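Undergrad: The amino acid sequence is not available; the structure is as follows:
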């Protein structure tokens, strides 16, 4: 098993790799930072693989290439410039790749490799190697002890292949990277086999054949032996346990069932054997189910052509294409039982024409795939590709067949791309007007790809990129156009500048505007109408939906993509051919009820959600309310009196606490506050809860109150000898001092001195209240309960606040603290982790470390460079089709991929819904236009001619006309735009030439007809 040595782990920079750690975990990262990798062949594919591995943070990457940089390389390798032409590729690559991550040792080799040199690496990748040498090297790696992971990858025009051999016995530690699935038990039968039912809080994700373990089961305690048990008949809320429980104790209550993920042993074949008996190919596109065996033959035929002629087939040369086809045909004829019925000469002709070219989108896609395979080889994390993967995007070729001469080189940086697509499509790409929304991880990859492809690189072209964010340290592990000296700078400006160094001809404008309704004066009608295509590089659904609506309105193609850890997806939104992005949406994530989070948590996520809420209330919201009151006491008081509700009362009570009883003037006051908070949160509140609902409490129906998923809590007894207790007090008091502007003494961070200070705090006795109200309604949205005397209480609180204000020093203000997850020195995550873990102890929930707490409380989206690179490569393969302009629906592909499994699922996009009326038909893409500034009457008559009776016209949220209101008839001869201004109070900016109205219509049979939006042009 070719794993990195993690016995002597190097330190992991958790600030830099936080998003990657959320995918891999610490153990995988430890193995990665101990792994040495060889990448041989530094054309576009080799550069992409090396980039992804260096960003991932392996120990070392050795770059190998014996050849020199050619002009041909500049359309696929983002590292090279024209100044590098004539230099050795590995030598030219080293300094720029080293800049990506100084903690990785990057070195170069320029001489012929020997088998013995491979012993220095845990994994070796070859992107430009003949089969004979590959077989020799792979055999050495396969037989080496321990085995060396061997990967052979090729990108030839629009065709690509990967072969993996990780040795005769490779152990997959975690095949999918997902957390083990769990369920909360509701009942277990005494049967053979036993039926296990779980609460309907969340659907079970178990599958037949899974192994599970039981814990915390009361009654049938025989199951709490940590022994893995197999299940069957898995259902959403139940499963059958393959075990006889008829002789076990009777189940009483409680219990958690957890999936067991066992290691998996894989036996790889060496390359020589696998070529003859490849087994099952990993399929990516079910419309091409017969394609992998053909490409298996094609790549072997190309290797034979190279051996026979010492060169690649020439683009556009029919003789060379026929030569390759003849070789493939002869090899197929001698294949025996593996002989293919059809070798598709037309496809092989395209393969031959582009075989010398390494296209950037293909290099990006395969760079992501191969980079992930190296991570698997070094760590055992995720299931390897077993063993061959073939892919082609022949649909990306121009819809119309080009003249052979169109493929001839022009002695320029795009010659490789021209050899595949021809010079006409190259000109279209250079003249394209493109809008890239976002310049984060996806945006950086897109900018690199577009620059290399030559998109928007002529005087007629223009690439506009916008992003309102600035660069942070955690961005640097994926957003490779940024460096540590760019931290704090605008993402779009830095990324655009970096893209111009990749291709100086790029015509790019960088903006720092968020794309939304508030910036429609920037991204106005003229801007949208001149675009050829929009590419989303966004990380949130709302922004995607807005851009989708703009593209729908202006009938512009939208290429969307997204990533989540090792998963990625792409969606093509093509005018009149596909549905729009907003046509289908994922259901919203299920939120835990407020009562669960605040009183009845049953997992660590509930505890962390509560901790984040308490942090914001204690350190940000209440100090901000204090400042709002002190800035203008009179207006603030009037506002609270006007509100007069429970929320206003609660807010005033908190403000009064901060300025009166809980006001801190010394650091010792802050320690007292923190120690009392511990007692309140983790002792007194729990004592009150179990006083109100004792362990034997019942619901109104007689069922046990503390039944699953509720967990019965126990109060904590504070102890200065418990480091976790002291850490809570330390982090809470330091942050409390910050809000009051109190200096933190040096002795604070010495546990013994801190313990001495804490022990001086006097803890008052607690007596539970008999009439305490504890929220149990799962549908409740507020913890505040209304009271008939709220108004009187509010007046009393305001009066007391006024007295407190008189006792404050002049100009006193608090310092609200905004939560910042990515600074490990600010104690924010220390406090949140401490809050969550102490609460977890109350409820016997397993605790988490600060890193896991950061992932959940900081709402960190797992992200790695490999899936990002793959997604952008796939999108850019679709961009060829969009800019060519002649492709049909069946030529486009939407993709979902999971590099962990690995799984690649490509499918034709869904067409838009068609609405028909008379001899007309339309889709969501259509917009009806009426010019010459019509009146309301003229609009209705215009629709009447189409057989449509309009009974309602609205603009925005305002009704301009409805046939039910007689007075609306008086508006008939008014201009529609004037009605919009008068009735809807619509402000029409000078740059706007039209307004849009929504019209509700019926046909002659009084059936509602959903018509397109109507645009009224008045200028």
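TA: Done, it's in. This structure is a prediction, so every number in the text was calculated from the model and none was measured.
Undergrad: Show me where the stretch 1-150 of the chain dips below the pLDDT cut-off.
TA: 1-10 (pLDDT under 70).
Undergrad: at 80 instead, please
TA: In the predicted model of the stretch 1-150 of the chain, residues 1-11, 15 satisfy pLDDT under 80.
Undergrad: likewise the stretch 151-300 of the chain?
TA: Scanning the stretch 151-300 of the chain for pLDDT under 80 picks out the ranges 201.
Undergrad: all helices in it, in order from the N-terminus.
TA: 271-276, 291-309 (DSSP state H, counting those that start in this stretch).
Undergrad: Can you tell me which of those helices is most buried?
TA: Of these, the one with the most neighbours on average (mean count of other CB atoms under 10 Å) is helix 291-309, at a mean of 19. All C-beta atoms are positioned from the backbone trio N, CA, C, and that covers glycine.
Undergrad: follow-up on the earlier one: adding distance to residue 423, write the helices of the stretch 151-300 of the chain out as a markdown table.
TA: Formatted as a markdown table, the helices of the stretch 151-300 of the chain follow (distance: least, CB to CB, whole Å):
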| stretch | distance to residue 423 |
| --- | --- |
| helix 271-276 | 37 |
| helix 291-309 | 24 |
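Undergrad: For residue 67, find the nearest of these.
TA: Closest of those to residue 67 is helix 291-309, at 14.1 Å (criterion: CB to CB).
Undergrad: Give the next helix or strand downstream of that closest one.
TA: Downstream of helix 291-309, the first helix or strand assigned by DSSP states H and E is helix 318-333.
Undergrad: Among the helices of the stretch 151-300 of the chain, which comes closest to residue 47?
TA: So among the helices of the stretch 151-300 of the chain, helix 291-309 is nearest, using CB to CB, at 21.1 Å.
Undergrad: which residues touch that closest one?
TA: With CB atoms under 8 Å, 6 or more residues apart in numbering as the test, helix 291-309 has contacts from 130-132, 154, 156, 159, 161, 275, 278, 281-283, 285, 312-313, 320, 323-324, 327-328, 331-332, 335, 338, 340, 343-344, 347-348, 351-352, 355, 388, 390-392.
Undergrad: try it again with 7 Å
TA: 130-131, 154, 156, 159, 161, 278, 281, 283, 312-313, 323-324, 327-328, 331-332, 340, 343-344, 348, 351, 355, 388, 390, 392 (CB atoms under 7 Å, 6 or more residues apart in numbering).
Undergrad: from those residues, which would you call buried?
TA: With burial judged by 16 or more other CB atoms under 10 Å, the buried subset of those is 131, 154, 156, 159, 161, 278, 281, 283, 312-313, 323-324, 327-328, 331-332, 340, 343-344, 348, 351, 355, 388, 390, 392.
Undergrad: Count the neighbours of residue 1012 for me.
TA: By other CB atoms under 10 Å, the residues close to residue 1012 number 16.
Undergrad: how about the nearest residue to it once chain neighbours are set aside, phi and psi?
TA: Distance criterion CB to CB, 6 or more residues apart in numbering; nearest residue to residue 1012, sequence neighbours excluded, is residue 926 at 4.3 Å. Dihedral pair for residue 926: phi -80, psi 150, per degrees, to the nearest 10.
Undergrad: you'd agree residue 926 is up against residue 1011?
TA: No: Residue 926 lies out of contact with residue 1011 (CB atoms under 7 Å); the separation is 8.9 Å.
Undergrad: Now do the same for the residue positioned nearest the centre of the chain: its pLDDT.
TA: In the chain, the residue lying closest to the centroid (CA atoms, centre = their mean) is residue 564, at 3.2 Å. Residue 564 is assigned 95 on the pLDDT scale.
Undergrad: partners of it in the sheet?
TA: Under the criterion DSSP bridges, residue 564 forms beta bridges with residue 567.
Undergrad: isn't it right next to residue 862, touching?
TA: Yes: between residue 564 and residue 862 there is a contact under CB under 7 Å: 6.3 Å.
Undergrad: Now do the buried residues in stretch 248-263.
TA: Using 16+ other CB under 10 Å as the test for burial, stretch 248-263 gives 248, 251, 253-259, 261.
Undergrad: For it, measure first residue to last.
TA: 30 Å (CA to CA, to the nearest Å).
Undergrad: Give me the contact list for that stretch.
TA: The contact list for stretch 248-263 (CB under 7 Å, 6+ apart) reads 171-174, 180-185, 187-188, 190, 196, 206, 210-222, 228, 704, 707-708.
Undergrad: Now the buried members of those residues.
TA: Looks like the contacts of stretch 248-263 have 172-174, 181-185, 188, 196, 206, 210, 212-217, 220, 708 buried, using 16+ other CB under 10 Å.
Undergrad: Give me the subset of the residues you listed that lies in strands.
TA: Counting by DSSP state E, the part of these found in strands is 172, 182-185, 188, 196, 212-215.
Undergrad: which intervals of this structure have sub-threshold pLDDT?
TA: Ranges of the chain meeting pLDDT under 80: 1-11, 15, 201, 401-402, 585-592, 775-790, 991.
Undergrad: Please enumerate the helices of the stretch 451-600 of the chain.
TA: Going by DSSP H, counting those that start in this stretch, the stretch 451-600 of the chain shows helices at 491-502, 525-530, 541-554, 594-599.
Undergrad: With distance to residue 845 as extra columns, can I get those helices in JSON lines?
TA: As requested, the helices of the stretch 451-600 of the chain are exported to JSON lines (distance: least, CB to CB, whole Å):
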{"stretch": "helix 491-502", "distance to residue 845": "39"}
{"stretch": "helix 525-530", "distance to residue 845": "51"}
{"stretch": "helix 541-554", "distance to residue 845": "31"}
{"stretch": "helix 594-599", "distance to residue 845": "12"}
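Undergrad: quick one: which of the ones you listed is nearest residue 896?
TA: Closest among those, once you apply CB to CB, is helix 541-554, at 16.2 Å.
Undergrad: So what touches the closest one?
TA: So helix 541-554 is contacted by 437, 515-516, 528-529, 534, 536, 538, 558, 560, 573, 580-582, 924-925, 927 (CB under 7 Å, 6+ apart).
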